[in-house]
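>>> Next input, structure requested:
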Amino acid sequence: MIIKKRFVKLPQAIISAQQTDPLTKDLYLCELSELLFSKQSIWEHQKPLENHLLLYCTKGDCMLKLGKDGVHIKQEQFCIIPQSFIFKLVIGNMEPTIFMTCQFNGSKSKILEKEFTVVRDLVPSINNRVANRKMLFDEIFNNLSRGYSNFNTHYIHFTFSHLLATFVFASKNSEDIQVEENPLIQQIIRFMEQKVGEKLSLKEISEEVGYSETYLSTMFKEKTNYSPLSYFSHLKITKACEYLDQTKLKIKQIAFILGYSDPYYFSKDFQKKMGISPKFYRTRLKN
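The predicted structure is shown next:
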């Protein structure tokens, strides 16, 4: 079974207008959806796609079949299926599996086609802005509900361009590449992820990896642009976004789960890093 949690298909008249508008004709949005699949569901598109299709898995896993080829997609992975392709999604045994999708087109989209069809990871690091990516989806959904004035259409266009860039260039961030190529950085980040619900000192991190605090701090900041403890704090906020989106836990409970002894300080830290309060982040759709 497939449930459309959220779905907007732009009217053909608006798509036609975007195709001739100098601001939007190079890259424009056609459809946006959030789909929930029950286990062992099948989503098959038997006709060639009219537009490019972005598939972003936010929960669960599935098998994507393009012709005779099959590739596995799991949480925090994405794929862009080019226009004119036929595809099938076969959902696994995890329930539910959730995808954010968008169909788009435009003359510049063809330039990006070499980046398509490959399933890519979205590493849950600071640089890849996972939490902000989901907020961009929400922002577009919100504004699509407000009508199709020229001002609103142009705003949606630029917001979508930003969203698409976070996917197409996810693996091109030089800082992320440095992190992926450095085993020590990977070891430190894994340790931080394991301790995300605790308080962590620089001394504990240095003892874990066997390097001095001075060397560790210098090397880590050189590779990531963040101090170790600042990076750890960002990981906590990213995890907080997941709890706010996916659970009904109170903000105070989330603060304690993530190792904050003072919920007020957690809210202040969240506001500083995300630009909005935890309460507003959770209720942003209603607002």
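>>> which helices and strands sit right next to the one helix or strand L164 maps to?
Applying DSSP states H and E as the criterion places L164 in helix 150-168. In terms of contacts (3 or more C-beta pairs under 8 Å, 6 or more residues apart in numbering; DSSP states H and E), helix 150-168 is packed against helix 12-20, strand 28-37, strand 52-59, strand 77-81, strand 97-105, helix 130-144. For glycine as for every other residue, the C-beta is placed from the backbone atoms N, C-alpha and C.
>>> Just the angle for it relative to strand 52-59, thanks.
Relative orientation of helix 150-168 versus strand 52-59 (axes from the mean of the first three to the mean of the last three C-alpha atoms, to 10 degrees): 70 degrees.
>>> didn't K59 look like it was pressed against P96?
Yes: K59 is within contact range of P96, at 6.7 Å (criterion: C-beta atoms under 8 Å).
>>> Show me the shaky parts of the stretch 1-150 of the chain.
67-69, 111-131 (pLDDT under 70).
>>> repeat that with 90
Per-residue confidence for the stretch 1-150 of the chain (pLDDT under 90) gives these ranges: 1-5, 38-49, 57-89, 91-96, 107-136, 145-150.
>>> Show the contacting residues for N182.
K223 (C-beta atoms under 8 Å, 6 or more residues apart in numbering).
>>> ugh, wrong one, I meant P278
By C-beta under 8 Å, 6+ apart, the neighbours of P278 are 240, 244, 251, 254, 266-267, 270-271.
>>> How about M94?
With C-beta under 8 Å, 6+ apart, M94 has these contacts: 39, 59-61.
>>> And the helices and strands packed on helix 150-168: which comes nearest S206?
helix 130-144 (27.2 Å; C-beta to C-beta).
>>> Dihedrals phi and psi, F87?
phi -140, psi 170 (degrees, to the nearest 10).
>>> What is the neighbour count of it?
For F87, the count of nearby residues is 19 (other C-beta atoms under 10 Å).
>>> ok, back up a step: and the contacts of P278, which two are furthest apart?
I254 and Q271 (14.1 Å).
>>> The two: who's more crowded?
More neighbours surround I254 than the other of I254 and Q271, with 23 against 16 (other C-beta under 10 Å).
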